[in-house]
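J.: Generate a structure from the sequence data that follows.
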Amino acid sequence: MPHFVIAGAGIGGLAAAIFLVRQGHQVTVFEHVADPTPVGAGLLLQPSGQEMLFELGLLDSVRRLAAVVHSLEGYSGRRKTLDLHYHSVHPDWSGLGVHRAQLHRTLLFAARELGVSIKLGNGIDDFKQCSTHLIVSHQQGECNADALIIANGTRSKLRENLNVKQSYRPYPWGAYWAVLDHDSWPFPHQLMQRYRGSRVMLGVLPTGVNPNTGKTCYSLFWSLHRSLFSIRQNEGLAGLVEQIRPIWPEVADWLSQAPKTEIAIAEYADVRMSSYHQDRVLVIGDAAHSMSPQLGQGANMALIDAKILAECVAGNASINLHSAFARYSERRRKHIAYYQMASRIMTPLYQSYFPYAWIRDAGTMLGRHLPPIYRQYMLTLCGAKQGVWDLKAHIDAL
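T.: Model prediction:
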């Protein structure tokens, strides 16, 4: 069977490793981080991502560490402008808010249990494609492989070595993130957001079990233009509290009562590729199609990538990897293109200095009263659409 080398032990890389090793492939994962620690904040697993975890046999394990999210609600001032409920699409569907570290730990443990060789503290620096194999250069030497899966994130330098048309464009807006414990927050099953035009967005995501404390936690995110990062950092936690107070006093009080809270800055970028492969090399996850976090699809898309990759290479030892990777690029093209388009449309409505908020608010408020449009909003959120005119859900019942 082919030997797959995977660059990056993130969500997409580990999921791909699990799927591939179950098919009997030899898999080696290289990761430059020596000691994965519980860093980051929460993410929202959509039904699409949950279906992939079900295929991995890990959905129940993740669910025990997550918070069930029934709805997304957003307010402009006192007006509720966003009101999306998962049950409107399927009675059994919901989101899962989970700390990124909890999802990563679950995948890492499962991969190790299956015998995946994981080389922590040993990242891949380069590769050379030969006619019959690859030579992969890593921090501790070289190895041969039949295929390389690049899954090392948005800023991947390995991706740039491919002779494939691609672009990398940093977003002008990012976010502050913080993880806060709370045992009596009044919205344990809702992702709540507050807006002030398109320049201010503050949200609280139920995040399940805090990997550091074992307590129920929530992720606070505060949209911020990149030019303000250094200013806000100098102001510290007290400055952030005062920025938040006029918009959401309860969150400001909550944050002020946790003086040791670590505030992390998240920066985002738009990555596009004309094809996701070249010969024996394939790119998945954020390395292939990073986008704005507005639709909350990053982890979900990476999990889908891993499943489709496994389906495309399923077969005997003589599988043609060139053809398999070409099938992968074709199968992922529509789904990724739709979500990249939706991301480009939605991002300036929520994160910009342009006066677009009224368009956003009018559209979401009107959509609440038009069932066909509302359903398309929800299918997009759930990760279930393949295109603008695709009106069906593409997720099996969970």
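J.: residues touching Ile319, list them.
T.: Ile319 makes contact with 2, 313 under the criterion C-beta atoms under 8 Å, 6 or more residues apart in numbering. Heads up, the C-betas are built off the backbone N, CA and C, glycines and all.
J.: Next one: it, what pLDDT does it get?
T.: pLDDT, Ile319: 84.
J.: Backbone dihedrals for it, please?
T.: Dihedral pair for Ile319: phi -60, psi 140, per degrees, to the nearest 10.
J.: what's the spacing between it and Glu55?
T.: The gap separating Ile319 from Glu55 is 20 Å, by C-beta to C-beta, to the nearest Å.
J.: Where do the helices of the stretch 251-398 of the chain begin and end?
T.: With DSSP state H, counting those that start in this stretch as the criterion, the stretch 251-398 of the chain has helices at 286-289, 298-313, 321-350, 357-367, 371-381.
J.: Can you pull the poorly scored residue ranges out of the stretch 151-300 of the chain?
T.: Counting by pLDDT under 70, not a single residue of the stretch 151-300 of the chain qualifies.
J.: re earlier: out of the helices of the stretch 251-398 of the chain, nearest to Asn210?
T.: Nearest to Asn210 among these is helix 298-313 (18.1 Å), distances taken as C-beta to C-beta.
J.: Can you name every helix or strand that the closest one contacts?
T.: When contacts are defined as 3 or more C-beta pairs under 8 Å, 6 or more residues apart in numbering; DSSP states H and E, helix 298-313 sits against helix 11-22, strand 42-45, helix 47-56, helix 286-289, helix 321-350.
J.: In the second one, which residues are buried?
T.: Judged by neighbour count (16 or more other C-beta atoms under 10 Å), strand 42-45 contains these buried residues: 42-45.
J.: export the residues you listed to JSON lines and tack on distance to Pro246 and pLDDT?
T.: As requested, the buried residues of strand 42-45 are arranged in JSON lines below (distance: C-beta to C-beta, whole Å; pLDDT from 0 to 100):
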{"residue": "Gly42", "distance to Pro246": "24", "pLDDT": "95"}
{"residue": "Leu43", "distance to Pro246": "28", "pLDDT": "96"}
{"residue": "Leu44", "distance to Pro246": "26", "pLDDT": "97"}
{"residue": "Leu45", "distance to Pro246": "32", "pLDDT": "98"}
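J.: Mind jotting down where the helices sit in the stretch 51-200 of the chain?
T.: With helices called from DSSP H, counting those that start in this stretch, the stretch 51-200 of the chain shows them at 59-63, 100-113.
J.: how far is the last one from where the chain is centred?
T.: Same thing as helix 100-113. Distance of helix 100-113 from its chain centroid, counting by C-alpha atoms, centre = their mean, to the nearest Å, is 15 Å.
J.: buried ones in it?
T.: Buried residues in helix 100-113, defined by neighbour count with 16+ other C-beta under 10 Å: 100-108, 110-111.
J.: repeat for stretch 170-188
T.: Across stretch 170-188, burial judged by 16+ other C-beta under 10 Å covers 171, 173-182, 185, 188.
J.: out of those residues, which are inside strands?
T.: Using DSSP state E, 173-181 are the members of the buried residues of stretch 170-188 that sit in strands.
J.: Against which helices or strands is the helix or strand hosting Gly208 packed?
T.: Using DSSP states H and E, Gly208 sits within strand 200-209. Identification of packing neighbours for strand 200-209 by 3+ C-beta pairs under 8 Å, 6+ apart yields strand 42-45, strand 67-69, strand 95-99, strand 190-196, strand 216-225.
J.: ok now do Arg159, which residues does it touch?
T.: Contacts for Arg159 (C-beta under 8 Å, 6+ apart) come out as 150, 166, 271, 273, 283, 287-288.
J.: So for stretch 277-287, first residue to last residue, what's the gap.
T.: 12 Å (C-alpha to C-alpha, to the nearest Å).
J.: ditto for stretch 19-34
T.: 23 Å.
J.: Tell me who's in contact with the residue with the largest distance to the centre of the chain.
T.: Largest separation from the mean C-alpha position in the chain: Ser131, at 34.5 Å (C-alpha atoms, centre = their mean). Residues near Ser131 by C-beta under 8 Å, 6+ apart: none.
J.: Same check on the one 4 residues further on?
T.: Contact partners of Ile135, counting by C-beta under 8 Å, 6+ apart, are 127-128, 142-144.
J.: make it 7 Å
T.: When contacts are counted by C-beta atoms under 7 Å, 6 or more residues apart in numbering, Ile135 touches 127-128, 142, 144.
J.: Look up how far Ala145 lies from it.
T.: Distance from Ile135 to Ala145, by C-beta to C-beta: 8 Å.
J.: Ok, Asn212 next?
T.: The value you get for Asn212 to Ala145, if C-beta to C-beta is used, is 36 Å.
J.: Val179 now?
T.: For Val179 relative to Ala145 (C-beta to C-beta), the value is 37 Å.
J.: One more: Met192?
T.: Taken as C-beta to C-beta, the span from Met192 to Ala145 is 46 Å.
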